[in-house]
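Trainee: dropping a prediction and its sequence here:
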Amino acid sequence: METKRILVAEDRICSKCGDPKLLTEEYFYITGSGVLSKECIECRRKRNNKFRIANKDRYKAEGIAKRAAEKLQAEKTADKQKAADNEWLNKQLDEADRQLHYGPRRAKAFLGGRKNSAPLGVAVKIGRRIKKYEKMINQKRFEYEQAEGMVR
């Protein structure tokens, strides 16, 4: 047998079930204005569950629509990211092509042409840089083709 509590100054009577409960967050929700609600947590949960069961189809439709919208947004984001990645890759490849294009000319100018124009070490460094850019171009192209599914 459940005993009824004696009403104390710090108690509140639930507006739905009429049971006196301690006036704390443990038994009553805090409303948007920062005051404890008049309906106890148990009654509110029961009311929300009844509403949810009564409107099950509505919640199901909202869930389907929400998931479809999230999927569409994810696809748009993925497309934007892919475009940004392709743009970045093209810039990198253009820069590497430019370095590769102008690198041999510099190396040739250093090695021949004018006498004592630059020390041999500089020409060697430029030659190494050219090889590095060629390797980078090939690696970036391979990564791009792999991402696009061209290479297995």
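Mentor: Noted; the coordinates are in hand. Numbers count the residues shown, from 1 in each chain.
Trainee: the nearest residue to Ser15 once chain neighbours are set aside: what secondary structure?
Mentor: Nearest residue to Ser15 in three dimensions, chain neighbours excluded: Lys38, at 4.3 Å (Cβ to Cβ, 6 or more residues apart in numbering). The C-beta positions use only the backbone N, C-alpha and C, and glycine is treated the same way. At Lys38, secondary structure determined by DSSP: H, G, I helix; E, B strand; the rest coil is strand.
Trainee: how close does Lys38 get to Asp94?
Mentor: Applying Cβ to Cβ, to the nearest Å, the value for Lys38 to Asp94 is 69 Å.
Trainee: residues touching the residue nearest to Ser15, list them.
Mentor: With contacts taken as Cβ atoms under 8 Å, 6 or more residues apart in numbering, Lys38 has the following neighbours: 12, 14-15, 28.
Trainee: name the nearest of these relative to Lys66.
Mentor: Distance to Lys66 across the contacts of Lys38 (Cβ to Cβ) is lowest for Phe28, with 30.8 Å.
Trainee: list the residues that contact the closest one.
Mentor: When contacts are counted by Cβ under 8 Å, 6+ apart, Phe28 touches 12, 21, 36-41.
Trainee: next, Leu22: phi, psi?
Mentor: Note on Leu22: its backbone torsions stand at phi -60, psi 140 [degrees, to the nearest 10].
Trainee: by mean pLDDT, which helix or strand of this structure comes out lowest?
Mentor: Here the helix or strand of the chain ranked lowest by mean pLDDT, DSSP states H and E is helix 120-148, holding a mean of 75.
Trainee: now do that one: which elements does it pack against?
Mentor: Applying 3 or more Cβ pairs under 8 Å, 6 or more residues apart in numbering; DSSP states H and E, one finds that helix 120-148 contacts helix 56-111.
Trainee: tell me the pLDDT of Ala74.
Mentor: pLDDT for Ala74: 91.
Trainee: repeat that for the one 5 residues further on.
Mentor: The per-residue pLDDT reported for Asp79 equals 85.
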